[in-house]
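> just a sequence and a predicted model for now, questions to come.
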Amino acid sequence: MKLKKIALIPLVAGALFSSAVLAPSTGILKPAKAAAATAATTATTAEAKTELPNIKILATGGTIAGSAASNTAVTGYTAGALGVETLINAVPELKGIANVSGEQIVNVGSPDIDNGVLLKLAKRINALLSSDDVDGIVVTHGTDTLEETAYFLNLVVKSDKPVVVVGAMRPATAISADGPFNLYNAVKVAGTPEAKGKGVMVMLNDRIGSARFITKTNTTATDTFKSPEQGYMGEIVGGKVYFYYEPLRKHTTKSEFDVTELDALPQVDILYEYQNNGAYLYDAAVEAGAKGIVVAGSGDGSLSSASEKGAEAAADKGVIIARSTRTGSGTVSLSGGDAERNFVTTDSLNPQKARILLMLALTKTSDAAKIQQYFNEY
């Protein structure tokens, strides 16, 4: 019998057809064998799906969900223009590494993330991670305040399952948008067994940072997130996750901070040290209801004579004064007069992260010595 010539068309799912038998006279799949091949493939796919980690993506907006009028615009865009399903659908490769689903917590630029959003996000993460059906969490977030949210979660998440905060430096509409690959890598890390127990992580530009140490260092560069002295926890190379160290400071399951019953957080303000400043900013903060003030001091957390007066007056009214530094890195050392003045130092935490820890510390105590212990341990 002479066989008809069959035109071969390349197919992505080639394996489906390679095991089937072509009918000599028609060149089409025999119905029985075609059905068997399809059933076998479906079963294999279903089995593979059950072996993949279940990752929940919680979206808050930011540049990773941003949109601009031009695909060459990387500034002046609208943050949080896209929803979580759009972000997920833009990276179909996610289906190959995890079973992903998404929730929209808020959709704003990260400067508009407030204490209410932090509490909502943390409570939702804890609820999700308490389920056996969730293996890890990815939070999409704007980069401007990403490190603050990541550190807050690092202190209040009550699970050792991976939580990865991810963002982008270029909007989704840009020619070389970094968001899709960052999201893919974040899901990859969240689904990696070795990521368990390492605290909340930040994933951008192929680097894995600890929420305790990572910070934004450049206004627009894609490699902006760095740990100036401590370095990165790990990286992704060739699709493989590499870890090199894990943070020793208390976090997640070892943290004593719990937001389960909290509906608000104490007001903590940040004041910046500079030449010719005055005491009136401290007075204003106290009058506005501040329970704590973080000072971004010069050098080793230094305050001017005028600031000293303002800070001491605030401390006399029960306000905790936390000395940090505006330098960008380094540990602020304790001075002999800190304890007696109701002052604490913030270790190596920058001012914005020191504010996060001080807010949580004030939910537990107003004792300066105990709060200093928190800064030493977290």
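Sure, I can see it. Numbering: from 1, shown residues only.

> then the helix or strand hosting F181 to PDB, C-alphas only?
Here F181 sits within helix 179-190, counting by DSSP states H and E. The C-alpha coordinates for helix 179-190 follow below in PDB (Å, rounded to 0.1, in the frame of the first residue of the first chain):
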ATOM      1  CA  GLY A 179       9.400  43.100  36.600                       C
ATOM      2  CA  PRO A 180       8.600  39.900  34.700                       C
ATOM      3  CA  PHE A 181      11.900  38.200  35.300                       C
ATOM      4  CA  ASN A 182      12.000  39.600  38.900                       C
ATOM      5  CA  LEU A 183       8.600  38.000  39.500                       C
ATOM      6  CA  TYR A 184       9.700  34.700  38.000                       C
ATOM      7  CA  ASN A 185      12.800  34.600  40.200                       C
ATOM      8  CA  ALA A 186      10.800  35.600  43.300                       C
ATOM      9  CA  VAL A 187       8.400  32.600  42.700                       C
ATOM     10  CA  LYS A 188      11.400  30.400  42.100                       C
ATOM     11  CA  VAL A 189      12.900  31.400  45.500                       C
ATOM     12  CA  ALA A 190       9.600  31.100  47.300                       C
END
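
> any chance you could map the helices in this protein?
If you assign secondary structure with DSSP state H, the helices in the chain sit at 14-18, 31-51, 84-89, 115-129, 146-156, 179-190, 280-287, 305-316, 351-362, 368-377.

> buried deepest among these, which one?
The highest mean neighbour count among these belongs to helix 146-156 (a mean of 26), with neighbours defined as mean count of other Cβ atoms under 10 Å. (Each C-beta comes from the backbone N, C-alpha and C, glycine too.)

> what's the burial count for T346?
Counted with other Cβ atoms under 10 Å, the burial measure for T346 works out to 25 neighbours.

> rewinding a little: other residues contacting the helix holding F181?
Helix 179-190 is contacted by residues 53, 55, 57, 63-65, 87, 90-91, 93-94, 97-98, 100, 135-138, 140, 162-168, 170-172, 195, 201, 203-206, 208, 236, 239, 241 when judged by Cβ atoms under 8 Å, 6 or more residues apart in numbering.

> residues in contact with the closest residue to A122 other than its chain neighbours?
Closest residue to A122 in three dimensions, ignoring its sequence neighbours and counting by Cβ to Cβ, 6 or more residues apart in numbering: V156, at 4.8 Å. For V156, the residues meeting the contact criterion (Cβ under 8 Å, 6+ apart) are 122, 126, 255, 257-259, 360.

> so how far is M359 from V156?
The gap separating V156 from M359 is 11 Å, by Cβ to Cβ, to the nearest Å.

> and if you look at K216?
Taken as Cβ to Cβ, the spacing of K216 relative to M359 amounts to 20 Å.

> one more: A195?
Using Cβ to Cβ, we find A195 at a distance of 27 Å from M359.

> same deal with Y280?
Applying Cβ to Cβ, the value for Y280 to M359 is 24 Å.

> please apply the same query to T260.
16 Å.

> got it, and G297?
Taking Cβ to Cβ, one finds G297 at 19 Å from M359.

> chain center to the helix holding F181, what's the gap?
11 Å (Cα atoms, centre = their mean, to the nearest Å).

> my guess is V241 meets T192, correct?
Yes - with contacts defined as Cβ atoms under 8 Å, V241 counts as touching T192 at a distance of 4.7 Å.

> which of these two has more neighbours?
Relative neighbour count places T192 above the other of V241 and T192, with 22 against 18, counting by other Cβ under 10 Å.

> and the more buried one, what is it in contact with?
Going by Cβ under 8 Å, 6+ apart, T192 touches 162, 241.

> likewise Q372?
The contact partners of Q372, by Cβ under 8 Å, 6+ apart, come to 334, 338-339, 344-345.

> neighbour-wise, give me the winner out of these.
The contacts of Q372, ranked by neighbours (other Cβ under 10 Å): first place V344, 29 neighbours.

> just checking, it touches A322?
Yes - contact status for V344 versus A322: in contact at 5.1 Å, counting by Cβ under 8 Å.

> what do those two both touch?
371, 375.

> any idea how this structure splits into domains?
Residue ranges for each domain of the chain read 50-254, 268-377, as given by automatic domain parsing.

> between the helices of the chain, which gets nearest to A73?
Relative to A73, the nearest member of the helices of the chain by Cβ to Cβ is helix 179-190, separated by 14.4 Å.

> what sits against the residue nearest the centre of the chain?
By Cα atoms, centre = their mean, the chain has its centre lying nearest to V165, at 1.9 Å. Counting by Cβ under 8 Å, 6+ apart, V165 touches 138-139, 141, 146, 149-150, 153, 186, 200-203, 211.

> so how far is D114 from it?
From V165 to D114 the distance is 17 Å (Cβ to Cβ).

> ditto for F375
From F375 over to D114 the distance is 23 Å, taken as Cβ to Cβ.

> and if you look at K370?
With the distance defined as Cβ to Cβ, K370 ends up 26 Å from D114.

> do N185 as well
When Cβ to Cβ is applied, the distance between N185 and D114 equals 28 Å.

> likewise S70?
Remark: distance between S70 and D114 (Cβ to Cβ) = 31 Å.

> what does D160 give?
In this view, D160 and D114 are 28 Å apart by Cβ to Cβ.

> these two: which is more packed in?
Relative neighbour count places D160 above the other of D160 and D114, with 16 against 13, counting by other Cβ under 10 Å.
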